[in-house]
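Asker: below is the structure, and that's it, no one-letter string:
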């Protein structure tokens, strides 16, 4: 250690119970978004939510980029097909995870209606933005 002290926003404990979910709005009508209270607890350093497919994907997401530092996704139930700007295609199933670097172009399609994932982007405030084609 060089003696440098890192400063960051104070953090506090956050407990989220499945029995008392805090559902929030989101971009896609075929998902339910459950906020886990992490954004408030970390002063906006990161966010955690559970995304649950309620009808199955009614349309592909289309190519888009997430303007954040990174996004971590863990599949709790079901599966989802993803494609990334480097040409990587994968199907993630329950127990699988992916760490997506910020500004990495991606598209997803065909999650099962019972699909559920834990999603944690950093920082908490970010915005996925559409891309007109596969990013290069």
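Answerer: Sure, I can see it. These figures come from a predicted structure and were not determined experimentally.
Asker: rest of the way, CA atoms for contacts and neighbours
Answerer: Noted.
Asker: now do the strands in the chain.
Answerer: Assigned by DSSP state E, the chain shows strands spanning 22-24, 31-35, 49-53, 64-67, 70-77, 79-84, 89-93, 97-101, 106-109, 116-122, 127-130.
Asker: mean pLDDT lowest where, among those?
Answerer: With a mean of 61, strand 127-130 has the lowest mean pLDDT of those.
Asker: out of the strands of the chain, nearest to residue 12?
Answerer: strand 31-35 (15.8 Å; C-alpha to C-alpha).
Asker: for the closest one, packing partners?
Answerer: Strand 31-35 makes packing contacts with strand 22-24, strand 49-53 when contacts are defined by 3 or more C-alpha pairs under 8 Å, 6 or more residues apart in numbering; DSSP states H and E.
Asker: what lines up beside the last one in the sheet?
Answerer: Each strand paired with strand 49-53, and its direction, by DSSP bridges: strand 31-35 (antiparallel), strand 116-122 (antiparallel).
Asker: the first one too?
Answerer: With DSSP bridges as the criterion, the sheet partners recorded for strand 22-24 are strand 31-35 (antiparallel).
Asker: so which residues make contact with the partner strand?
Answerer: 21-26, 48-55 (C-alpha atoms under 8 Å, 6 or more residues apart in numbering).
Asker: mind giving me the ChimeraX command for buried ones among those?
Answerer: Entered in ChimeraX, the line below selects the buried ones among the contacts of strand 31-35, by 16 or more other C-alpha atoms under 10 Å:
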select :48,49,50,51,52,53
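Asker: nearest to residue 64 among the contacts of strand 31-35?
Answerer: After measuring the contacts of strand 31-35 against residue 64 - C-alpha to C-alpha - the closest member comes out as residue 26, at 15.4 Å.
Asker: enumerate every residue touching that closest one.
Answerer: 32-33.
Asker: look up how far residue 123 lies from it.
Answerer: According to C-alpha to C-alpha, to the nearest Å, residue 26 stands 17 Å off from residue 123.
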